[in-house]
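J.: 3D model of this:
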Amino acid sequence: MALVPIDPQDIAAARALRLEFGRFWSTAPGTPRDIYDRFIAQTPTASEVAAREAVDEAASGWWVEPAQAVPGRALLFIHGGGYGLGHASAYVGLASQLAVRTRVPVFVLEYPLAPEAVLPAARDLALRTLAGLAARFGAVAVAGDSAGGGLSLATVLEAAKQGIAVSSLVAFSPWTDLSLSGASAQELAVGDPLLDVGYLRASAAAYLGGAPASDPRGSPLFDADLSRLPPTLVQVGSDEVLRDDSRRLVEAASGAGAQVELEEWQGMHHVFQLNTRELASARKSLDRAAAFVARHWSA
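T.: Below is the predicted model:
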């Protein structure tokens, strides 16, 4: 595990963000899904990218394409939101930050949300989407945040079973254990500015739809063969309740023989990569994620 020290200029900025998070979530009007999308959409869109909705393709979502993209490569991004919140359009800003750094088009998948859709609907759609991208491009990488990080892991593990090649995987604060059995789910519950354990438990129940929380399609930490993972980078904040989801996943995958790296970012909150405007740590972590993807293109 690499512990990445907090950038000195981020100490005050991170403190200010925590106050802003509290203000936003306590005062924002609208439905939970609308509020969540407005929160996520605050990530600035990078310059020199074009975003377009995919309406005539097998899967719905958004393409975010940088100028002068490297041909033959693409990145599938699977968004977070506890499986019940979030739309692809809200993640265009974060996807654009990945697109300009990786210099490849990023497809943000619009997958069905819980409780309207339950396990394995989102996983199966992500798998079909990945297969389609792999048939269209010479090499495909995958990235995801939070619940989308867990869904990314579950998807690429199943893809490996089916012979679908994935060049690399980057997971930002992935939710890998829907049973919330990690110690940080209790130890850091009071101080986490974004995640409430009660909300996570309710979200897990809605997504599982009666399946056990240990089902590896929803909790990839419990997959029987983590050696199937492609080269994987996991980035997590030191101050979040899902910290141990990352630690335990990397420990188990490394023990199984997978090529997995963990970066724990000091003083950072859940999916701090969204805050590229405010945090040097967010910008640096995305730089490192893009460099990791660049090292592992298979074509």
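
J.: Quick check: which ranges of the stretch 151-299 of the chain have low pLDDT?
T.: 299 (pLDDT under 70).

J.: which residues in it form strands?
T.: 169-172, 232-237, 260-265 (DSSP state E, counting those that start in this stretch).

J.: Select, out of those, the one closest to Leu188.
T.: With CB to CB as the measure, strand 232-237 is the member of the strands of the stretch 151-299 of the chain nearest Leu188 (9.7 Å). No exception for glycine: its C-beta is placed from N, CA and C like everyone else's.

J.: who's in contact with the residue minimising distance to the centre of the chain?
T.: Nearest residue to the geometric centre of the chain (CA atoms, centre = their mean): Asp145, 1.4 Å. By CB atoms under 8 Å, 6 or more residues apart in numbering, Asp145 lies in contact with 79-80, 94, 171-174, 271, 273-274.

J.: secondary structure element for the closest residue to Ala171 other than its chain neighbours?
T.: Among residues not flanking Ala171 along the chain, Gly149 sits closest, at 3.8 Å (CB to CB, 6 or more residues apart in numbering). Gly149 is part of helix 147-161 when elements are defined by DSSP states H and E.

J.: what packs against that helix?
T.: strand 73-78, helix 121-136, strand 139-145, strand 169-172 (3 or more CB pairs under 8 Å, 6 or more residues apart in numbering; DSSP states H and E).

J.: Tell me which residues of the third one come out buried.
T.: Read that as strand 139-145. Residues of strand 139-145 classed as buried: 139-145 (neighbour count, 16 or more other CB atoms under 10 Å).

J.: Alpha carbons of the longest helix along the chain, in PDB - could you do that?
T.: Using DSSP state H, we find that the single longest helix of the chain is helix 10-27. Taking C-alpha atoms only, helix 10-27 is exported to PDB below (Å, rounded to 0.1, in the frame of the first residue of the first chain):
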ATOM      1  CA  ASP A  10      -5.300  20.900   0.500                       C
ATOM      2  CA  ILE A  11      -5.500  21.000   4.300                       C
ATOM      3  CA  ALA A  12      -7.600  24.100   4.400                       C
ATOM      4  CA  ALA A  13      -9.400  23.300   1.200                       C
ATOM      5  CA  ALA A  14     -10.400  19.800   2.500                       C
ATOM      6  CA  ARG A  15     -11.700  21.400   5.700                       C
ATOM      7  CA  ALA A  16     -13.800  23.900   3.700                       C
ATOM      8  CA  LEU A  17     -15.200  21.200   1.500                       C
ATOM      9  CA  ARG A  18     -16.500  19.200   4.500                       C
ATOM     10  CA  LEU A  19     -18.400  22.300   5.600                       C
ATOM     11  CA  GLU A  20     -19.700  22.800   2.100                       C
ATOM     12  CA  PHE A  21     -20.800  19.200   1.800                       C
ATOM     13  CA  GLY A  22     -22.900  19.600   5.000                       C
ATOM     14  CA  ARG A  23     -24.500  22.800   3.800                       C
ATOM     15  CA  PHE A  24     -25.300  21.400   0.400                       C
ATOM     16  CA  TRP A  25     -26.900  18.100   1.600                       C
ATOM     17  CA  SER A  26     -28.900  19.800   4.300                       C
ATOM     18  CA  THR A  27     -30.300  22.600   2.100                       C
END
